[in-house]
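> Sharing a sequence plus its predicted fold:
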Amino acid sequence: MANPPSKPITRLLAAVGRGDAAAHNKLWALVYDELHRLAQHQMAHEAPGRTLQPTSLVHEAYLRLTADEDLQWANRRHFFATAANAMRRIRVDDARKRNRLKRGGGRQRIPLDEDPPAFDQDPAEVLAINEALEKLKQKDPRKAEVVTLRYFAGLTIDETADALGLSPRSVDSDWRFARAWLRRELTRGERASESTS
């Protein structure tokens, strides 16, 4: 993630929270490229002919972020973490729609070893990882946030550390733990679905 100065973004976020329309437009201009880069990373492994495009993902995420008048962002980190979560929810909703059209089985590929990790186009995989991530969030919110930024937003270890205000070593440790935990959960889920079919 590029690191534009956080103070202007933080000031604009506060102004948007107060309902300042001019600040809303300035914020959009300032964060658009970074949000688009995150969306492109997420969509890079999608199959041709997909219905969701990076630009529409950015626009939908931004609309969701700014539609809630009660939502206030503490700073740049909070905004981009919220944006990554919004993109994740949009991707999961899209995967649910596609999964309804494509029922089927087969072993899921768990692409957590790539750096940065990347989505496969399999909607069942997106849903399985999202479900496991929700469980991890209940156990350890920070590790879940690391996964969201690494897996769903495509940030590097250093970018994630910067976004969360942690050391790269802490993020790397959290990432290693979370990958192992998610792999175990996904394998457990696969075995459960095989035993019921």
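Structure's in. What do you need?

> can we go C-alpha only for contacts and neighbour counts from here?
Noted.

> Can you give me the pLDDT of the residue most central in space within the chain?
To find the centre residue of the chain, average its C-alpha atoms and take the closest one (C-alpha atoms, centre = their mean): that gives F152, at 3.2 Å. Model confidence at F152, expressed as pLDDT, equals 75.

> how far away is it from T10?
23 Å (C-alpha to C-alpha, to the nearest Å).

> Okay, buried residues for the helix ranked longest in the chain please.
Assignment by DSSP state H gives helix 168-196 as the longest helix of the chain. For helix 168-196, the neighbour count (16 or more other C-alpha atoms under 10 Å) marks 168, 171-172, 174-175, 178-179, 182-183, 185-186, 190 as buried.

> Would you map the helices across the protein?
Under the criterion DSSP H, the chain contains helices at 6-17, 21-43, 54-67, 76-101, 123-139, 141-147, 157-164, 168-196.

> JSON lines for the ones you listed, including mean pLDDT?
Below are the helices of the chain laid out as JSON lines (pLDDT from 0 to 100):
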{"stretch": "helix 6-17", "mean pLDDT": "80"}
{"stretch": "helix 21-43", "mean pLDDT": "82"}
{"stretch": "helix 54-67", "mean pLDDT": "81"}
{"stretch": "helix 76-101", "mean pLDDT": "80"}
{"stretch": "helix 123-139", "mean pLDDT": "84"}
{"stretch": "helix 141-147", "mean pLDDT": "91"}
{"stretch": "helix 157-164", "mean pLDDT": "87"}
{"stretch": "helix 168-196", "mean pLDDT": "81"}
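
> Give me the phi and psi for G19.
With angles defined as degrees, to the nearest 10, G19 shows backbone torsions of phi 90, psi 20.
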